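J.: sequence unknown, structure follows:
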Ligand SMILES: NC(=O)C1=CN([C@@H]2O[C@H](COP(=O)(O)OP(=O)(O)OC[C@H]3O[C@@H](n4cnc5c(N)ncnc54)[C@H](OP(=O)(O)O)[C@@H]3O)[C@@H](O)[C@H]2O)C=CC1
Ligand SMILES: O=C(O)C(=O)[C@@H](O)[C@H](O)C(=O)CO
């Protein structure tokens with residue numbers, strides 16, 4: 001049976017599924033089959049990136065599924081080496097060609113890379129690509145409030161989405177408020193803490209027992225109940241189905257707060273601070 005994943009509406013009026021499939025390190029023929037399995041389970045939001053070297057197999061899985069393109073919500077990301085305006089416009093077109101698509105539902109700037117100081121140019125290029133019909137919704141990733149304010153002030157265009165690191169060890173309460181204040185939908189990357197110990201915390205296990213759910217379903221539901229769209233990676237079809245079977249229960253305010261209480265001061269998975277992070281090329 002195919003799971004039915006609900007949608008919500010972005011600030012530009014476009015619908016977005018409330019959870020999606022992450023594809024970091026999912027590559028090659030086996031990766032294509034793993035993505036296809038997720039699509040067959042009901043996933044429609046697929047999150048790729050030029051830096052993941054898998055845009056080709058994402059496009060192939062879409063075609064092999066036989067499901068109409070219009071039912072999907074396909075995302076890719078602009079790498080830092082293409083932050084210049086002309087390079088960024090070319091990069092969107094190259095990504096589309098690799099996927100074999102003629103538009104993206106969402107295209108986002110992968111990292112702000114503030115030391116290079118070209119993310120405003122990159123944003124101007126996404127605004128143009130949207131006007132050209134190459135992208136439906138434009139967004140950013142790993143943008144801090146000061147980066148958001150700068151692109152909004154310099155272009156007058158607010159991102160639809162900001163994809164940031166979020167999991168029970170890194171709950172980012174203030175950052176969520178900053179995005180909400182600006183009308184930006186937050187997507188969570190590494191929503192399961194990349195399979196970290198947070199899935200085995202007693203508070204998560206207790207809530208899982210109460211609802212007869214698994215720890216990953218509780219964490220997935222915690223994101224959704226906080227108004228966040230989790231981008232969940234799994235290569236395992238059983239886990240893929242499990243992670244998306246979360247629409248028959250909801251957490252209470254106290255349960256959400258209890259999971260928020262797992263936050264750690266140094267909770268980032270790899271210490272990737274958006275103000276410092278540099279991409280390797
Ligand atoms: N914008 C950005 O800068 C970034 C974006 N991302 C995006 O976010 C996505 C998700 O983040 P990612 O870091 O991949 O990690 P996740 O937090 O999604 O965790 C993935 C890990 O959890 C395991 N897992 C998934 N479901 C279950 C389950 N039900 N039970 C037990 N284990 C489970 C997976 O193993 P298994 O395969 O065996 O199920 C895998 O090892 C990425 O794939 C990418 O698309 C990620 C990092 C940065
Ligand atoms: O996966 C991504 O989107 C990244 O941006 C990477 O930085 C990833 O988070 C990573 O940890 C690479 O070592």
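T.: Everything's here; your move. Predicted model only: the values in this text are computed from it and were never measured. Ligands and ions are numbered 1, 2, ... in the order given.
J.: number of nearby residues for residue 1?
T.: Neighbours of residue 1 under the rule other Cβ atoms under 10 Å: 6. Placement of C-beta: from N, CA and C, glycine included.
J.: Repeat that for the one 3 residues further on.
T.: Counted with other Cβ under 10 Å, residues neighbouring residue 4 total 8.
J.: which residue packs closest to it, ignoring adjacent ones?
T.: residue 42 (6.4 Å; Cβ to Cβ, 6 or more residues apart in numbering).
J.: ok, the one you found - contacts?
T.: 2-5, 244 (Cβ atoms under 8 Å, 6 or more residues apart in numbering).
J.: mind putting those residues in CSV, secondary structure included?
T.: Shown next, in CSV, are those (DSSP: H, G, I helix; E, B strand; the rest coil):
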residue, secondary structure
2, coil
3, coil
4, coil
5, coil
244, helix
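J.: which among those gets closest to ligand 2?
T.: For the contacts of residue 42, the minimum distance to ligand 2 (Cβ to the nearest ligand atom) is 20.7 Å, reached by residue 244.
J.: Could you report the distance from that closest one to residue 227?
T.: 18 Å (Cβ to Cβ, to the nearest Å).
J.: And for residue 143?
T.: 18 Å.
J.: Likewise for residue 151?
T.: For residue 151, the distance to residue 227 - Cβ to Cβ - is 22 Å.
J.: The two: who's more crowded?
T.: residue 151 (23 against 13).
J.: what about the nearest residue to the more buried one once chain neighbours are set aside, neighbour count?
T.: Spatially, and ignoring its direct neighbours in sequence, residue 151 is nearest to residue 123 (4.3 Å; Cβ to Cβ, 6+ apart). Neighbourhood size, residue 123 [other Cβ under 10 Å]: 28.
J.: Give me the buried entries from the contacts of residue 42.
T.: Neighbour counting by 16 or more other Cβ atoms under 10 Å classes 5, 244 among those as buried.
J.: Turn the contacts of residue 42 into CSV, including distance to ligand 1.
T.: CSV is the format used below for the contacts of residue 42 (distance: Cβ to the nearest ligand atom, whole Å):
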residue, distance to ligand 1
2, 18
3, 14
4, 19
5, 15
244, 10
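J.: Correct me if wrong: residue 124 contacts residue 155.
T.: Yes. Under the criterion of Cβ atoms under 8 Å, residue 124 makes contact with residue 155 at 5.9 Å.
J.: between those two, which one's more packed in?
T.: Remark: of residue 124 and residue 155, residue 124 carries more neighbours, 17 against 13, as counted by other Cβ under 10 Å.
J.: Need the residues that contact the helix or strand harbouring that one.
T.: Per DSSP states H and E, residue 124 falls inside helix 119-131. Residues from elsewhere that reach helix 119-131 (Cβ under 8 Å, 6+ apart): 78, 82-89, 92, 107, 109, 112-113, 135-138, 140, 143, 147, 150-151, 154-155, 157, 159.
J.: what does stretch 176-187 give?
T.: So stretch 176-187 is contacted by 8, 10-11, 16, 20, 47, 139, 145, 148, 152, 158-164, 166, 226-231 (Cβ under 8 Å, 6+ apart).
J.: Of the residues you listed, select the buried ones using a ChimeraX command.
T.: To isolate the buried ones among these in ChimeraX, judged by 16+ other Cβ under 10 Å, type:
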select :10,16,20,47,139,148,159,160,161,162,163,164,166,226,228,229,230,231
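J.: List, one by one, the residues from this structure near ligand 1.
T.: 22-24, 47, 110, 141-142, 163, 189-195, 216, 231-236, 239, 242-243 (Cβ under 6 Å from any ligand atom).
J.: Tell me the buried residues within the contacts of helix 119-131.
T.: 78, 82-83, 85, 87-89, 92, 107, 109, 112-113, 135-138, 140, 143, 147, 150-151, 159.
J.: Perfect, that will be all.
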